[in-house]
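A.B. asks: Model the structure of this input:
(one chain, ligands or ions: 1)
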Amino acid sequence: MTTADNPLLTASDLPYEFPPFDRISGEHFLPAFEAGMAEQSAEVEAIATNPEPPTFDNTIVALERSGELLDRVSEVFFNLNASHTDDTLRAVHAEIAPKLSAHSDAIHLNPALFARVERLYEERDSLGLDEESAWLLRRYHLDFVRAGAALPEADQARLRELNTELSSLATRFQDNLLADTNDLAVLVKDREELAGLPEATIAAAAEAAAARGEDGGYLLTLALPTRQPLLASLENRALRERVFRAATARGNRGNEHDNKAVLVRIARLRAERAALLGYPHHAAYVIEDETAGTAEAATELLHRLAPVAVANARAEAAELAEEIARSGADHALAPWDWTFYAERVRKRRFDIDEAELRPYFELDRVLRDGVFHAATMLYGLTFTERPDLPVYHPDARVFEVFDADGGPLGLFIADFYARDSKRGGAWMNSYRVPSRLLERKPVVVNNLNVTKPPEGEPALLSFDEVETMFHEFGHALHELLSDTRYPTFAGTNVPRDFVEFPSQVNEMWVLWPEVLANYACHYRTGEPLPERLVEKLRESSTYGEGFATTEYLAASLLDLAWHTLDADTTVEDVAAFQAQALEKAGVAVEEIPPRYASTYFAHIFCNGYSAGYYSYIWSEVLDADTVEWFRENGGLTRANGDHFRRELLSRGGSKDAMAAFRAFRGRDPEIEPLLKRRGLTGA
Ligand SMILES: [Zn+2]
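C.D. replies: This next block holds a predicted model:
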């Protein structure tokens with residue numbers, strides 16, 4: 001294939017180098033990936049063998065500039081494979097993933113290249129580098145060392161073996177979990193047993209059963225966490241118990257899909273890899289590179305929250321026991337009863353009916369008059385739709401974003417509807433990563449999974465979906481407002497326990513009176529959302545936090561228990577280890593199992609959140625403290641937005657994350673606002 005045939009091989013001539021989706025097809029990716037890797041390998045080899053002595057420019061900046069083609073192909077490919085995949089893209093992914101990982105190893109374990117990086121790092125104080133460049137040199141050195149570049153050759157060989165085995169174990173964990181989740185779906189013969197479920201759910205269960213050749217039955221499929229959403233409305237208690245037991249049995253049945261031996265081996269090999277790299281355990285290795293710094297610091301925060309969360313959960317349990325009695329039943333509260341009775345208490349106490357809310361949350365209005373409006377008030381941004389740019393699916397819409405002075409800032413793709421070709425959940429990603437060095441402006445995308453309305457009807461959102469839209473746009477702002485020289489530091493390239501913080505902050509505008517009044521209007525009558533409903537939304541937002549915090553803390557502490565094991569320890573009994581870990585951490589509550597139990601905790605055993613599940617609440621400390629700052633300083637103003645943008649959003653990863661926070665906040669973060677928000681001030 002020649003350059004002329006493959007649009008990925010040359011830079012796009014569309015505005016902002018927007019990918020020419022109308023000319024890209026699946027077969028363009030493999031040859032473009034191969035060309036991109038070959039190009040970067042040649043560039044890296046030239047840097048490593050440069051006869052000139054190493055300089056910051058001829059080594060570090062040269063590495064930042066390398067791989068332009070590979071970046072372009074990867075950005076388009078990984079976005080499309082998530083938002084609009086097909087058999088061709090899936091096959092490309094299976095073929096290219098191991099090659100990309102070997103390509104990355106070849107760069108990080110190149111001894112001549114590392115020697116140059118190391119020499120520069122040793123001379124760092126005499127190089128006259130500015131703050132961002134010095135931080136970049138430190139980052140490169142750290143990345144090489146953490147990848148094993150400084151180890152003796154024999155250890156590097158063992159490291160490669162460990163990485164290979166760990167990557168195949170992760171795949172096995174994932175495959176086992178998927179197979180066992182499918183096998184454990186609960187088949188119901190009698191429709192009457194499904195009392196309480198919405199009609200649409202029953203219809204979907206009938207379809208799922210038919211697809212498995214069980215015509216006339218109903219198949220209840222399992223969601224990923226322990227807590228199954230179905231249990232909130234399923235009236236039949238025996239069936240609730242069956243669904244709960246099926247969910248918690250995943251990967252733990254002693255059959256061919258059992259994950260116990262797999263996860264024990266993963267924990268062991270990770271500990272060995274950490275030891276090889278000079279750390280006492282995997283958590284120390286991972287968290288050293290996060291803002292928490294040490295496993296002890298992360299654990300301390302969790303331990304501080306645990307007793308109050310558990311006390312609140314016990315108070316909620318007492319209230320649920322009363323609700324059980326009120327309903328005329330005479331059984332004790334079991335884990336499979338919790339969300340069912342919690343839902344009844346919520347309805348009775350707050351009287352919130354989702355169907356009553358939706359007409360006030362029309363998608364386009366929420367986007368333009370809510371999400372965009374808040375960004376205009378805070379940062380002076382304006383948005384113009386660009387229907388002229390070619391998209392990869394008709395549901396994706398492109399907006400050009402302009403800065404306060406009217407100058408071009410970037411492009412924002414809004415891809416909000418669910419479809420078979422899109423993965424679940426909501427996320428932000430980049431098609432073009434901004435960088436002053438490469439003279440690139442951002443092209444970002446927000447994906448949601450909102451059910452598409454029938455032709456000609458408006459999309460009416462749930463309150464959750466409104467919050468998610470503001471959240472994901474918070475990530476988009478982090479990237480759009482990024483003003484770093486180096487692409488390595490652009491926008492959301494910050495530590496994992498920091499990255500959720502700006503997006504969580506953006507959720508504060510959802511119920512902010514001035515913003516809410518601007519977007520929450522009845523789609524037919526234009527009437528504002530009644531104050532009565534606004535009040536209920538505010539009040540109900542903290543209900544159930546005892547349960548939610550406890551199940552989350554339990555999973556986070558379990559994650560740290562597995563990853564603070566040393567290389568000499570092999571766990572014999574997974575169930576006993578888990579029970580002891582929860583007991584020791586003070587989060588063992590019989591009615592509240594951890595959000596994920598070990599045998600189906602995919603986040604930590606295959607999805608890159610190992611020793612990192614604590615991150616969500618770590619980020620939330622910063623988020624709640626920042627919300628407090630906005631409130632203290634007058635809320636939704638340009639001055640506040642500009643300060644947050646200047647000190648934090650625009651910096652991306654170009655300086656120490658906590659130093660950026662302190663520059664913004666004027667002090668270290670305080671935990672009280674988080675405790676207040678989650679109702680954890682009781683003990
Ligand atoms: Zn997020």
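A.B. asks: count of residues packed around Phe291?
C.D. replies: That one is not Phe; residue 291 is Thr. Thr291 has 22 neighbours, counted by other Cβ atoms under 10 Å. The way it works is simple: take the backbone N, C-alpha and C, and place the C-beta from them, glycine included.
A.B. asks: Tell me the spacing between it and Ala490.
C.D. replies: In this view, Thr291 and Ala490 are 18 Å apart by Cβ to Cβ, to the nearest Å.
A.B. asks: For the ion, what's the nearest residue on the stretch 251-400 of the chain?
C.D. replies: Closest contact between the stretch 251-400 of the chain and the ion, by Cβ to the ion, is at Val371 (14.5 Å).
A.B. asks: Cross-check the contact I'm expecting between that residue and Glu467.
C.D. replies: No. If you go by Cβ atoms under 8 Å, Val371 and Glu467 don't touch, sitting 10.9 Å apart.
A.B. asks: Which one's more surrounded, the two?
C.D. replies: The residue with more neighbours, out of Val371 and Glu467, is Val371; 25 against 16, by other Cβ under 10 Å.
A.B. asks: ok, that one - contacts?
C.D. replies: By Cβ atoms under 8 Å, 6 or more residues apart in numbering, the contact set of Val371 is Met469, Phe470, Phe473.
A.B. asks: distance of it from Gly474?
C.D. replies: Taking Cβ to Cβ, one finds Val371 at 9 Å from Gly474.
A.B. asks: again with Ala261
C.D. replies: Ala261 is 41 Å from Gly474, by Cβ to Cβ.
A.B. asks: need the residues of the protein near the ion, please.
C.D. replies: Glu500, Ser503 (Cβ under 5 Å from the ion).
A.B. asks: Show me the shaky parts of the chain.
C.D. replies: 1-4, 682-683 (pLDDT under 70).
A.B. asks: Just say helix, strand or coil for Leu187.
C.D. replies: Three-state call for Leu187 (DSSP: H, G, I helix; E, B strand; the rest coil): strand.
A.B. asks: Wait, it touches Gly216, no?
C.D. replies: No. Leu187 is beyond contact range of Gly216, at 10.7 Å (criterion: Cβ under 8 Å).
A.B. asks: More neighbours: which of those two?
C.D. replies: Neighbour tally, Leu187 and Gly216, criterion other Cβ under 10 Å: the higher count belongs to Leu187, 14 against 9.
A.B. asks: quick one: that one from the ion, how far?
C.D. replies: Per Cβ to the ion, to the nearest Å, Leu187 is found 36 Å from the ion.
A.B. asks: Kindly state the beta-bridge partners for that residue.
C.D. replies: Leu219 (DSSP bridges).
A.B. asks: what's near enough to touch Arg23?
C.D. replies: Taking Cβ under 8 Å, 6+ apart as the criterion, Arg23 is in contact with Pro7, Pro390.
A.B. asks: Check Ser435 too.
C.D. replies: Thr484, Arg485, Tyr486, Pro487, Ala490.
A.B. asks: Buried by neighbour count: which residues of stretch 529-536 qualify?
C.D. replies: Buried residues in stretch 529-536, counted by 16 or more other Cβ atoms under 10 Å: Leu529, Leu533, Val534, Lys536.
A.B. asks: give me phi/psi at the residue nearest to the first one when sequence neighbours are not counted?
C.D. replies: Spelled out, it's Leu529. Nearest residue to Leu529 in three dimensions, chain neighbours excluded: Ala520, at 4.0 Å (Cβ to Cβ, 6 or more residues apart in numbering). According to degrees, to the nearest 10, the main-chain angles of Ala520 amount to phi -90, psi 80.
A.B. asks: Who are the contact partners of Ala520?
C.D. replies: Neighbouring residues of Ala520 by Cβ under 8 Å, 6+ apart: Tyr360, Phe361, Val366, Gly370, Pro528, Leu529.
A.B. asks: mind running it again at 7 Å?
C.D. replies: Ala520 is in contact with Tyr360, Phe361, Pro528, Leu529, counting by Cβ atoms under 7 Å, 6 or more residues apart in numbering.
A.B. asks: do the same with Pro280
C.D. replies: The contact partners of Pro280, by Cβ under 7 Å, 6+ apart, come to Asp566.
A.B. asks: helix, strand or coil for it?
C.D. replies: Classified using three-state DSSP, Pro280 is coil.
A.B. asks: could you measure it against Asp566, distance?
C.D. replies: For Pro280, the distance to Asp566 (Cβ to Cβ) stands at 6 Å.
A.B. asks: Among the contacts of Ala520, name the ones in helices.
C.D. replies: If you go by DSSP state H, those have nothing in helices.
A.B. asks: Restricted to buried residues, select these in PyMOL.
C.D. replies: This is the PyMOL syntax for the buried subset of the contacts of Ala520, where burial follows 16+ other Cβ under 10 Å:
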select buried, resi 360+361+529
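A.B. asks: of the contacts of Ala520, closest to Val44?
C.D. replies: Distance to Val44, by Cβ to Cβ, is smallest for Phe361 among the contacts of Ala520, at 49.9 Å.
A.B. asks: Among the buried residues of stretch 529-536, which are located in helices?
C.D. replies: If you go by DSSP H, the buried residues of stretch 529-536 have Leu533, Val534, Lys536 in helices.
A.B. asks: Now that the first one has come up, it's in contact with Leu357, right?
C.D. replies: Translated: Leu533. Yes. Using Cβ atoms under 7 Å, Leu533 makes contact with Leu357 at a distance of 6.5 Å.
A.B. asks: Assumed Tyr446 was part of a strand.
C.D. replies: Careful, residue 446 is Asn and not Tyr. Yes. Applying three-state DSSP, one finds Asn446 inside a strand.
A.B. asks: excluding its backbone neighbours, what's nearest it?
C.D. replies: Per Cβ to Cβ, 6+ apart, closest to Asn446 is Glu472, 4.3 Å.
A.B. asks: again with Ala575
C.D. replies: Excluding its sequence neighbours, the residue lying closest to Ala575 (Cβ to Cβ, 6+ apart) is Asn252, at 7.7 Å.
A.B. asks: My guess is the one you found contacts Thr599. True?
C.D. replies: Yes. With contact defined as Cβ under 7 Å, Asn252 reaches Thr599; the gap is 4.2 Å.
A.B. asks: Buried residues of stretch 609-627, list them for me.
C.D. replies: Buried-residue list, stretch 609-627, by 16+ other Cβ under 10 Å: 609-627.
A.B. asks: ok, now stretch 77-92?
C.D. replies: For stretch 77-92, the neighbour count (16+ other Cβ under 10 Å) marks Phe77, Asn79, Leu80, Asn81, Ala82, Ser83, His84, Thr85, Leu89, Val92 as buried.
A.B. asks: Which strands and helices lie in contact with the helix or strand hosting Leu239?
C.D. replies: For Leu239, the host element (DSSP states H and E) is helix 237-249. With contacts taken as 3 or more Cβ pairs under 7 Å, 6 or more residues apart in numbering; DSSP states H and E, helix 237-249 sits against strand 186-188.
A.B. asks: name the helices or strands packed onto the strand it packs on?
C.D. replies: Using 3+ Cβ pairs under 7 Å, 6+ apart: strand 186-188 touches strand 218-220, helix 237-249.
A.B. asks: Including mean neighbour count, could those go into JSON lines?
C.D. replies: Output for these, formatted as JSON lines (neighbours: other Cβ atoms under 10 Å):
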{"stretch": "strand 218-220", "mean neighbour count": "23"}
{"stretch": "helix 237-249", "mean neighbour count": "18"}
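A.B. asks: so which of these gets nearest Asp559?
C.D. replies: Using Cβ to Cβ, those put helix 237-249 closest to Asp559, at 17.3 Å.
A.B. asks: With just CA atoms, put that closest one into CSV.
C.D. replies: Output in CSV follows, covering the C-alpha atoms of helix 237-249 (Å, rounded to 0.1, in the frame of the first residue of the first chain):
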residue,chain,number,x,y,z
ARG,A,237,-36.5,-12.8,48.4
ALA,A,238,-35.4,-16.4,47.5
LEU,A,239,-34.6,-15.2,44.0
ARG,A,240,-32.7,-12.2,45.4
GLU,A,241,-30.6,-14.7,47.4
ARG,A,242,-29.9,-16.8,44.3
VAL,A,243,-28.7,-13.8,42.3
PHE,A,244,-26.5,-12.6,45.2
ARG,A,245,-25.0,-16.0,45.7
ALA,A,246,-24.3,-16.4,41.9
ALA,A,247,-22.6,-12.9,41.8
THR,A,248,-20.3,-13.7,44.7
ALA,A,249,-19.4,-17.2,43.5
